[in-house]
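Enquirer: sharing a model that was predicted from the sequence below.
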Amino acid sequence: MRATRFTALAVMTLVLVAGCTNGKGPAERPGTPATGTLRIVAGSEQESVVDTIVKPWCAARRYTCEVTFKGSVDQARMLAGGSRDQDAYWFASSVFLQLGDRANALRDVRPMFLTPVVFAAWRSEMTRLGFAGRTDVPIADILRAVESGETRVWITNPTQSNSGATVLLGFLNHFAGNGPGTPLTQQQLDSPAVEQGVTRFVKAMDQTPPSTGTLMTECLARPDQCRAMFTYEDLVIEKNAELVRAGREPLLVAYPRGSLAVSDAPLGFLPHDGNDGARRIFTELQDHLLKDADAQAALLRLGRRPAASVGLSLDRPDPAVFNPQWGIQATINEQGIQFPPAPVIQAALDRYQTRYRRPVAAWYCLDGSGSMGENDGWTGIQAAAGQIFDPDQAALNFLQTHPQDSTTVAIFNGGLTGGSPWQVQGDDGVALRDLAGRVTGYRPDGGTNMYACLSAAAQALAGPQPDDRKRLVVLMTDGQSNSRDRAAALAALRAAGVPVVAIAFGRDADPSQLQEVAAATNGTFVRQDDLVAALRQAAGYK
């Protein structure tokens, strides 16, 4: 597929300005560095590095470094779509960089640090599985524990997150019988053995949150629901420091021998008219991160392994960071897997959505009350409906509908309204486009009773679903709901055991009501004023 699959979305983002100039500061003195601006779009995985190292460096040199955090898919789409709003791209790994940079637009791409993807679980769980204290855990042993149902394992959605995509490619390599230095081929991807193996693996995952940050936050908050996960080593180190300070049980890690995947945090420059000055700052920043002794020490304190080191082994590591009691191995002699070319990565991610994952029965409860027409909320819903339901747009976001999915959309005001709910079985393109059209054709009106929709969803999703479908409710509202149906709706949702992704839009939304729904269903609460981004994130739980 061509790079045009990644036409850029206009989404709201969080911009952190590291070192600012307001035009009223002191005049530059002779010998001080010149001021300038560098705009970077980065994965959320780099946030602690930006806060700890990049921002102070920029401020000290009187540079303005604007760092915009985006998800992997949005980064790739921006880059491939020809956006010139940024000077540099900082991906979590080269997986999504390959997808976004098929035109080779980036220059001077270099890995900034390394972190392996590990199997992590609570210490008690690793002991029970027999992995605690072992320095050699073959991937086959981890696979048996996952597929046997001995533990409850989470992974990020591979089509939305670098960590999940990296794990998926690692296991595809394993099922293909490849060694670390042999990349997956399209022929191997097409083989029945690879497809059957990875399908078993993916279907054994208990939850698939859409981002690594969400995975870590939700897993640690629900130790009864999440017993193990695949994630980055450096994030385990960060979170373990927090857990130990709070007196909680830490996570232990195992490195999947035979299929170890490594993220390399590549940072590259995007040349375009008028950003020659930014290139100078970019080069200085790269050199600082890779060569400055203080920066290297700061990266190590954050659990990042130097990109310039020999493999993954460390020289005299700090045991308080690379803690052997957490299973962290300072010396890793195994080579990481070699990622396949972009077309094979593309095919693997497409197949995750349409072939490998479990099908989902998804109910969308969308607020169609009058206030949604007054605050541009319904405009966001209309845009999101096209991004999620229209097959062509969904493919751009790696959110394709599975042939065995069931998709239901209900609009509520004082009750269900607009002729909804509407349901589409499977991935029929005509029906899905019609569904998007029904949503965009609705005009907001009336009051707000989200509980009426939740009761209908709970009733429809109660009990086992055909085709072993998972069940999911996505709720969005901008106001405080009438609560007359609250008790019945919550009871029905608890009885059905259906998780709800509850999205609060705008300043008038009542977070307490939505947080209650999310907590009662082991779901997720999201506060978001960009409804396209919020509903895409919710759809990423498939």
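Expert: Everything's here; your move. These numbers were taken from a predicted model, which means no experiment stands behind them.
Enquirer: with adjacent residues omitted, what lies nearest to the most centrally placed residue in the chain?
Expert: With distances taken as C-alpha atoms, centre = their mean, S211 lies nearest the centre of the chain, 1.9 Å away. Ranked by C-beta to C-beta, 6 or more residues apart in numbering and with sequence neighbours excluded, the top spatial neighbour of S211 is S161, at 5.3 Å. Yep, even glycine has a C-beta here, placed from its N, CA and C like the rest.
Enquirer: number of nearby residues for that neighbour?
Expert: By other C-beta atoms under 10 Å, the residues close to S161 number 31.
Enquirer: i'd like the first residue to be 774 from this point on
Expert: In the new numbering, first residue 774, that becomes S934.
Enquirer: just confirm it contacts T985, I think it does.
Expert: Yes - the pair S934 / T985 is scored as a contact, 5.5 Å apart, by C-beta atoms under 8 Å.
Enquirer: buried ones in stretch 1157-1168?
Expert: Going by neighbour count (16 or more other C-beta atoms under 10 Å), the buried part of stretch 1157-1168 is A1157, A1158, G1159, Q1160, I1161, F1162, D1163, P1164, Q1166, A1167, A1168.
Enquirer: TSV for these, including pLDDT and secondary structure?
Expert: Formatted as TSV, the buried residues of stretch 1157-1168 follow (pLDDT from 0 to 100; DSSP: H, G, I helix; E, B strand; the rest coil):
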residue	pLDDT	secondary structure
A1157	88	helix
A1158	90	helix
G1159	90	helix
Q1160	88	helix
I1161	90	helix
F1162	93	helix
D1163	93	coil
P1164	94	helix
Q1166	90	helix
A1167	90	helix
A1168	91	helix
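Enquirer: closest to T1190 among those?
Expert: A1158 (15.9 Å; C-beta to C-beta).
Enquirer: confidence score at the residue nearest to that closest one when sequence neighbours are not counted?
Expert: Of all residues not flanking A1158 in the chain, V1212 sits nearest, at 4.0 Å (C-beta to C-beta, 6+ apart). For V1212, the pLDDT comes out at 95.
Enquirer: which parts of the one helix or strand Q1119 maps to are buried?
Expert: Per DSSP states H and E: Q1119 is located in helix 1115-1124. Judged by neighbour count using 16+ other C-beta under 10 Å, the buried positions of helix 1115-1124 are A1115, V1117, I1118, Q1119, A1120, A1121, L1122, D1123, R1124.
Enquirer: mind listing what the first one touches?
Expert: What it means is A1115. Q871, L872, R875 (C-beta atoms under 8 Å, 6 or more residues apart in numbering).
Enquirer: could you dump those into TSV with secondary structure, distance to Y1314 and neighbour count added?
Expert: Below are those laid out as TSV (DSSP: H, G, I helix; E, B strand; the rest coil; distance: C-beta to C-beta, whole Å; neighbours: other C-beta atoms under 10 Å):
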residue	secondary structure	distance to Y1314	neighbour count
Q871	helix	25	20
L872	helix	21	27
R875	coil	28	20
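Enquirer: separation between the residue nearest to S984 and T924?
Expert: Between S934 and T924 the computed distance is 21 Å (C-beta to C-beta, to the nearest Å).
Enquirer: ditto for A1066
Expert: According to C-beta to C-beta, A1066 stands 42 Å off from T924.
Enquirer: more neighbours, these two?
Expert: More crowded of A1066 and T924, by other C-beta under 10 Å: T924, with 19 against 7.
Enquirer: a helix runs through that one, doesn't it?
Expert: No - read with DSSP: H, G, I helix; E, B strand; the rest coil, T924 is coil and lies in no helix.
Enquirer: just read off the phi/psi values of it.
Expert: Main-chain dihedrals, T924, degrees, to the nearest 10: phi -140, psi 170.
Enquirer: for it, give me the pLDDT.
Expert: For T924, the model assigns a pLDDT of 94.
Enquirer: ok, now E1006?
Expert: On the pLDDT scale, E1006 is placed at 96.
Enquirer: unless I'm mixing things up, it is touching L887, no?
Expert: No - at 9.3 Å, E1006 and L887 do not qualify as touching, with contact defined as C-beta under 8 Å.
Enquirer: neighbour count: the two, which is higher?
Expert: Neighbour tally, E1006 and L887, criterion other C-beta under 10 Å: the higher count belongs to E1006, 27 against 23.
Enquirer: please report how far P1090 lies from A1034.
Expert: Going from P1090 to A1034 by C-beta to C-beta gives 21 Å.
Enquirer: ditto for V1247
Expert: 30 Å.
Enquirer: and P1090 and A1034? Which one has more around it.
Expert: Using other C-beta under 10 Å as the criterion, P1090 and A1034 rank with A1034 on top: 26 against 18.
Enquirer: per-residue pLDDT, that one?
Expert: So A1034 comes in at 92 (pLDDT).
Enquirer: thought it was touching G943?
Expert: Yes - proximity of A1034 to G943 meets the contact threshold set by C-beta under 8 Å, at 4.1 Å.
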